[in-house]
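K.L.:
just a sequence and a predicted model for now, questions to come.
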Amino acid sequence: MYWIGIIWWKTSTRKGGSSQQLKRLKSSLWRGCVDEVLEELSERKGQRVQNFRAYLAKHRYRLVNYDLYQSLGYAIGSGSVESTVKRIGARVKLSGAQWLKQSVSKILHLRCAYLNGDFFVSISA
């Protein structure tokens, strides 16, 4: 499994503009069409628009086709990841337990392997 840094959707869609234009831009960004959005905004003036264009250009590789991923059944929200981080954090933060900084990654590796049913993990992992 690979992690792809994906920009948080709401960050990209909170910028100003007419209601109709925002719907069009939102739809294009939802489909990962960053160039289309940059082109549509290229003739607009104003610092906010230029800042938004610079933001999109800088983060274009993180703006994926959310529509495609969602239609394929992938979870596109961050809730499941945040929940997992909380659960793993709770497993490490046991009452009275103290972990050396060097051993936390090993403990997390073993705990994740246990939760995933992967019992063929060596202790030296």
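P.N.:
Now that the structure is in, tell me what you want to look at.
K.L.:
elements contacting the helix ranked longest in the chain?
P.N.:
In the chain, assigned by DSSP state H, the helix with the most residues is helix 101-116. On a contact count with 3 or more C-beta pairs under 8 Å, 6 or more residues apart in numbering; DSSP states H and E, helix 101-116 meets helix 79-92. C-beta: built from backbone N, CA, C; applies to glycine.
K.L.:
flag the shaky bits of the protein, pLDDT-wise.
P.N.:
1-18, 91, 94, 119-125 (pLDDT under 70).
K.L.:
any idea how far apart the tips of stretch 37-47 sit?
P.N.:
End-to-end distance for stretch 37-47: 16 Å, by C-alpha to C-alpha, to the nearest Å.
K.L.:
should've said stretch 87-103
P.N.:
End-to-end for stretch 87-103, by C-alpha to C-alpha: 18 Å.
K.L.:
can you name the residues in contact with it?
P.N.:
104, 107-108, 111-112 (C-beta atoms under 8 Å, 6 or more residues apart in numbering).
K.L.:
among those residues, which one sits closest to D35?
P.N.:
C112 (38.5 Å; C-beta to C-beta).
K.L.:
could the contacts of stretch 87-103 go into JSON lines alongside distance to A90 and neighbour count?
P.N.:
Listed next are the contacts of stretch 87-103 as JSON lines, based on distance: C-beta to C-beta, whole Å; neighbours: other C-beta atoms under 10 Å:
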{"residue": "V104", "distance to A90": "14", "neighbour count": "11"}
{"residue": "I107", "distance to A90": "13", "neighbour count": "15"}
{"residue": "L108", "distance to A90": "12", "neighbour count": "15"}
{"residue": "R111", "distance to A90": "10", "neighbour count": "14"}
{"residue": "C112", "distance to A90": "13", "neighbour count": "14"}
